[in-house]
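*Asks:* Predicted model and sequence follow; I will ask about them next.
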Amino acid sequence: MSTDYNHIIHLVALLKEHEVQKIVLCPDNKNQVLSNYLKSNSFFSCHTLTDERNAAFFANGLALQSGQPVAICCSDGNALRNMHPAIAEAYIRQIPLIVVSMGNNTMQSELKVKTSVNLQPFADDNNLTRIDTLINEAITETNHHGKGPVHIHIPISDSDFKLSETALPIVRTITRYQGLNAYDRSYDELIARLNKYSRRMIVVGQMNVIYQFNKSITKQLYKHFAWLKEHTGNKTIPGIPISNFDSILRMAPEKTQQKMSPDLVITYGKQLFSEQLSTLFRQFPPKEHWHVSLDGEIFDPFGLLTTVIEMDPFEFLEKIALMMDNDKTEMFPRLWENTAKAIVPPTCDFSSIKAVGQLMNCLPHPSALHLANGIAIQYAQLFSLAEDIEVCSNLNDGGNGGILPTAIGYAAASNEINIVILSDKDFFHDMNVLCCSDMGGNLRIMLLNTGSFSSAKDWAVVRGFRYMSVQNDGELTNAVASLTDPQPATSPLLVEIFSDADNDFKSLNDYFSNQK
């Protein structure tokens, strides 16, 4: 079978796994192979109609009668356009319809659907993993927050191909639990799965809240999991988090990494910055990944997602606290905790890393810390952080910056000291925001200039900033004292750290090498 079209077989396998039995086919040279493959599998009940408009309405009727999703397969272009009236009807009447189109044109933007995914082959080894995630996302959306139609498009450049395999592959199915209640589906099986694993981990991504767990719940929860949290997760776990896990994983030998990989990983929160955690899970994959979120989103950063639990993550944790077995679950968290305690923060010569570390160690309490995506977060994770420091970040900036104007807006509405750490790229991308008149003395910026750009001094001074240039340890000490002064000044402050990118990189590598 041509590897370019493996995703077709995975689509068929996932339709079966999700028990989408009824299929309406509109045969065409573009989708003939898929149609023949579906008809040859005894699980599917296939109906063939050549008129796409009537076929789509026919599929609506099947779905209305059963209440279950029905798939309809067609080519793209005019064939898909002919289905628009029926798809719009399905959207309005909340009919669970899965529209599968094949061809070079998509026309997705014109369809009235709950979600639309494109199974374009990805140019990396995770192709089918990401394809499976998209297919799961589309199929589960037919019954999520109300029923409705979804669209799956399969781009093909050549309709003259064959699928030689007859057996369906083993595919990863994502199941959604809409709360832990019997009205959606029984959760006894979910709790049984939870209890069968002794190596359990919870990883917290970006969260903009602070949650106070009940003390009686905290002890029950904390001993059952290894708790990993990036600084951007803020105070959202019941106990002391392990935040230096990236350093741990970079330093640990392979045998130790294998012992530190969980059987079950549960996530809540948004974006995760860690690359080392993704590397660990690729090498030693957990058996399951559950994600807990109030909106029931498909969040699959590791390509391992198996279960989505749609509820408030803190409510979920409090519900399961008394449902977990105590047998042999404390060894795994202790392994992580003991390893984390043995890691000491970096001590190095003048560099951006040292600048970030000194600042992190002297932050006023309370205060807000704004971290740009990239080296700012990477360096900050090397150091501990007090619980009363609120952390903000535009983790999903995709290289488009945005942290500086976001931080300035936040500081304008805040009574606390707001400190921003960002690279020269992030600063110069957004420096026009310094024209804003709503900047006060509670705004402090540490700019890590590694030589890619010229100095920001003139621009900052013109805009009314106090400015400090830092190129050695003595200047750094004075600058950090000004950045962390708990009393608001009369004007904002910009501290520009001038360091060499190659030297920063060497300092980081030396730190990890010396810790091993």
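*Replies:* Great, that's in hand.

*Asks:* got the end-to-end distance for stretch 218-228?
*Replies:* 15 Å (Cα to Cα, to the nearest Å).

*Asks:* What part of the protein, helix or strand, is modelled with the least confidence?
*Replies:* Least confident element among the helices and strands of the chain, by mean pLDDT, DSSP states H and E: helix 215-222 (a mean of 83).

*Asks:* So for that helix, what gets flagged as buried?
*Replies:* Buried residues in helix 215-222, counted by 16 or more other Cβ atoms under 10 Å: 217, 218, 220, 221, 222. All C-beta atoms are positioned from the backbone trio N, CA, C, and that covers glycine.

*Asks:* Can you list the helices and strands that that helix packs against?
*Replies:* In this structure, helix 215-222 makes packing contacts with helix 313-320, judged by 3 or more Cβ pairs under 8 Å, 6 or more residues apart in numbering; DSSP states H and E.

*Asks:* neighbouring strands for the helix or strand harbouring residue 152, and are they parallel or not?
*Replies:* Taking DSSP states H and E as the criterion, residue 152 maps to strand 150-155. Strand pairing for strand 150-155, using DSSP bridges, gives strand 97-103 (parallel), strand 116-118 (parallel).

*Asks:* can you put the ones you listed in JSON lines and add distance to residue 445 and mean pLDDT?
*Replies:* What follows is the strands paired with strand 150-155, written out as JSON lines (distance: least, Cβ to Cβ, whole Å; pLDDT from 0 to 100):
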{"stretch": "strand 97-103", "distance to residue 445": "49", "mean pLDDT": "94"}
{"stretch": "strand 116-118", "distance to residue 445": "40", "mean pLDDT": "93"}
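
*Asks:* Let me know which of those is tucked in deepest.
*Replies:* Ranked by average neighbour count under the criterion mean count of other Cβ atoms under 10 Å, the strands paired with strand 150-155 are headed by strand 97-103 at a mean of 26.

*Asks:* roughly how far out does that one sit from the chain middle?
*Replies:* 27 Å (Cα atoms, centre = their mean, to the nearest Å).

*Asks:* Which segments of the protein make up each domain?
*Replies:* Structural domains annotated on the chain: 3-155, 175-341, 352-507, as defined by automatic domain parsing.

*Asks:* out of these, nearest to residue 513?
*Replies:* Across these, residue 513 has its closest neighbour in domain 175-341 (8.7 Å, Cβ to Cβ).

*Asks:* Pull up the distance across the closest one, start to finish.
*Replies:* 37 Å.

*Asks:* With stretch 337-345 instead?
*Replies:* Stretch 337-345: ends 15 Å apart by Cα to Cα.

*Asks:* How about residues contacting it?
*Replies:* Residues from elsewhere that reach stretch 337-345 (Cβ atoms under 8 Å, 6 or more residues apart in numbering): 226, 242, 244-245, 247-248, 251-252, 256, 260, 357, 382-384, 515.

*Asks:* Give the rounded mean pLDDT of that stretch.
*Replies:* The pLDDT scores in stretch 337-345 average 92.

*Asks:* Could I get the buried residue list for it?
*Replies:* For stretch 337-345, burial by neighbour count (16+ other Cβ under 10 Å) applies to 337, 339, 340.

*Asks:* Next step: the residues you listed restricted to helices.
*Replies:* Among those, the members found in helices (DSSP state H) are 337, 339, 340.

*Asks:* need those residues in a markdown table with distance to residue 131, can you?
*Replies:* What follows is those, written out as a markdown table (distance: Cβ to Cβ, whole Å):
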| residue | distance to residue 131 |
| --- | --- |
| 337 | 38 |
| 339 | 36 |
| 340 | 36 |
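
*Asks:* Distance-wise, check residue 411 relative to residue 462.
*Replies:* As judged by Cβ to Cβ, to the nearest Å, residue 411 and residue 462 stand 20 Å apart.

*Asks:* who has more neighbours, these two?
*Replies:* The residue with more neighbours, out of residue 411 and residue 462, is residue 411; 24 against 10, by other Cβ atoms under 10 Å.

*Asks:* now, which of the buried residues of helix 215-222 sits nearest residue 473?
*Replies:* With Cβ to Cβ as the yardstick, the closest approach to residue 473 among the buried residues of helix 215-222 comes from residue 222, at 39.5 Å.

*Asks:* list the contacts for the residue lying closest to the closest one once chain neighbours are set aside?
*Replies:* Leaving aside its chain neighbours, residue 222 sits nearest to residue 239 (3.9 Å; criterion: Cβ to Cβ, 6 or more residues apart in numbering). Residue 239 is in contact with 218, 221, 222, 227, counting by Cβ under 8 Å, 6+ apart.

*Asks:* Surely residue 239 is in a strand?
*Replies:* No: using DSSP: H, G, I helix; E, B strand; the rest coil, the assignment for residue 239 is coil, not a strand.

*Asks:* so how far is residue 217 from it?
*Replies:* Going from residue 239 to residue 217 by Cβ to Cβ gives 11 Å.

*Asks:* do the same with residue 27
*Replies:* Here residue 27 is placed at a distance of 58 Å from residue 217 (Cβ to Cβ).

*Asks:* Likewise for residue 235?
*Replies:* Look at residue 235 and residue 217: by Cβ to Cβ, they are 15 Å apart.

*Asks:* list the helices and strands the helix or strand just after the strand holding residue 152 packs on?
*Replies:* Later in the chain than strand 150-155, the nearest helix or strand by DSSP H and E is strand 175-177. If contacts are counted by 3+ Cβ pairs under 8 Å, 6+ apart, strand 175-177 sits against strand 305-310.

*Asks:* returning to that earlier point: give me the contact list for the least confident helix or strand of the chain.
*Replies:* Residues outside helix 215-222 that contact it (Cβ under 8 Å, 6+ apart) are 213, 238, 239, 317, 318, 321, 322, 324, 333.

*Asks:* In terms of pLDDT, where does the third one sit?
*Replies:* Looking at residue 239, its pLDDT is 86.

*Asks:* so how far is residue 218 from it?
*Replies:* From residue 239 across to residue 218, the span is 6 Å (Cβ to Cβ).

*Asks:* The second one now?
*Replies:* Distance of residue 238 to residue 218, given as Cβ to Cβ: 4 Å.

*Asks:* follow-up on the earlier one: is it possible to get a markdown table of the contacts of helix 215-222 that adds distance to residue 486?
*Replies:* Shown next, in a markdown table, are the contacts of helix 215-222 (distance: Cβ to Cβ, whole Å):
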| residue | distance to residue 486 |
| --- | --- |
| 213 | 29 |
| 238 | 29 |
| 239 | 28 |
| 317 | 34 |
| 318 | 36 |
| 321 | 38 |
| 322 | 42 |
| 324 | 42 |
| 333 | 36 |
